[in-house]
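> structure of the sequence below:
(one chain, ligands or ions: 1)
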Amino acid sequence: MENNINDHLQEKYNKLGQDLDTHLEGLLHSKPINYWDYIHTDTLLNLQIPRTDLPDEMVFIMYHQVNELLFKMILHEIEQVAKAESVDATMFITKVMRISRYFDMLTSSFTIMKDGMDIEQYNKFRKTLTPASGFQSAQYRKIEFASTELINLIDNRFRETIDRNTTYEHAFEHLYWQAAGKDYRTGKKSYTLTIFEEKYKDEFIRFTEFYNTHNLWTKFKALPKDVKENKDLIDAMRHYDYTVNIKWVMAHYNTANHYLNIGGKTAEATGGSEWVKYMHPKYQRRIFFPDLWTEKELQEWGTDV
Ligand code: HEM
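Now for the predicted structure:
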């Protein structure tokens, strides 16, 4: 065994044109690893910088950071399916279910956010972060691009009529979330949307170039017939679609209602959208895997929540 490791090490460093003994000596002097250096806890715990002295702003910042970390885990998982040369039902199910579990966490934990902060404090500190909005989460958009084809992210009002072979630029302008940042009468974009695009549009274009043909939905459709008909796989895909596009969306909507609908009066959101209508799944109708739902289920999407 010992010899074997030595041989493997020798082979590895030979290939790199490096001297094994020097590396072994380096190992002799290097410090043993510990938890805090490995996890970078000091860095992580220094990333919470409130803009006010209101204690609940810390809850707000940290909960968003937890979400962004989970978004990263989800993207990491999708990427493995997207880049796998061949995907069988077991791998697909394992990955989709793991992604769903992350989203289950995001959904159930939203109650922490919903009942977690003092409404009065929230309505004070949120004014200091206007016009920033969770709407500007690039990872959330990437999860959508990586999950389905662009056509399923087009604003429901244009989905039927838009040319499926349209340019990316044209499709981009008709993505469902443009509605949150655009005055449709004048076409003028809000500042929140404008700077979001300035920062991320090029990155989104690069990202979608790959995911247009490697997203979960396209990958699923390319599976052999018997795999595509695997009931466990279909259940896993439906679970993911429902968790992201109904359960998470509703948990988010209920939270917005809790903080922004005070005494029956709707407050303006930091990102300035007409959020009551925009955020509800029955209007948004974002569905990643439409063929996996019956006509009736599609028609009733988001109406029974
Ligand atoms: C007190 C908690 C929250 C409230 C009141 C809230 C409210 C809102 C509102 C009103 C919008 C619509 C856009 C706008 O006009 O700003 C929005 C969008 C968004 N928020 Fe939140 N949000 C909260 C927490 C979160 C958290 C924890 C996340 C996780 C990162 C998040 C992610 C998003 C995303 C991704 C969008 C865009 C959704 C879409 O386009 O359908 N939000 N939020």
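> what residues does the stretch 1-150 of the chain have near the ligand?
By Cβ under 6 Å from any ligand atom, the residues of the stretch 1-150 of the chain that approach the ligand are Tyr63, His64, Asn67, Met113, Ser133, Gly134, Phe135, Ser137, Tyr140. Bear in mind the C-beta positions are built from the backbone N, C-alpha and C, glycine included.
> mind checking which of the residues you listed are buried?
Of the members of those, the ones counted as buried by neighbours, 16 or more other Cβ atoms under 10 Å, are Tyr63, Asn67, Met113, Ser133, Phe135, Ser137, Tyr140.
> in helices, which of the residues of the stretch 1-150 of the chain next to the ligand fall?
Using DSSP state H, the members of those that fall in helices are Tyr63, His64, Asn67, Met113, Tyr140.
> ok, now which ones touch the fourth one?
Residues in contact with Met113 (Cβ atoms under 8 Å, 6 or more residues apart in numbering) are Val59, Phe60, Tyr63, Thr255.
> hmm, try it at 6 Å
Tyr63, Thr255 (Cβ atoms under 6 Å, 6 or more residues apart in numbering).
> so what's the residue count around Glu165?
Just to correct that, residue 165 is Asn rather than Glu. Taking other Cβ atoms under 10 Å as the neighbour definition, Asn165 ends up with a count of 6.
> next, it: secondary structure please.
coil (DSSP: H, G, I helix; E, B strand; the rest coil).
> and the gap between it and Trp217?
For Asn165, the distance to Trp217 (Cβ to Cβ, to the nearest Å) stands at 17 Å.
> one more: Glu160?
For Glu160, the distance to Trp217 - Cβ to Cβ - is 18 Å.
> okay if I get the buried ones among the residues of the stretch 1-150 of the chain next to the ligand as JSON lines plus distance to Gly264 and pLDDT?
Listed next are these as JSON lines, based on distance: Cβ to Cβ, whole Å; pLDDT from 0 to 100:
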{"residue": "Tyr63", "distance to Gly264": "26", "pLDDT": "97"}
{"residue": "Asn67", "distance to Gly264": "29", "pLDDT": "98"}
{"residue": "Met113", "distance to Gly264": "22", "pLDDT": "92"}
{"residue": "Ser133", "distance to Gly264": "23", "pLDDT": "96"}
{"residue": "Phe135", "distance to Gly264": "24", "pLDDT": "96"}
{"residue": "Ser137", "distance to Gly264": "29", "pLDDT": "98"}
{"residue": "Tyr140", "distance to Gly264": "30", "pLDDT": "98"}
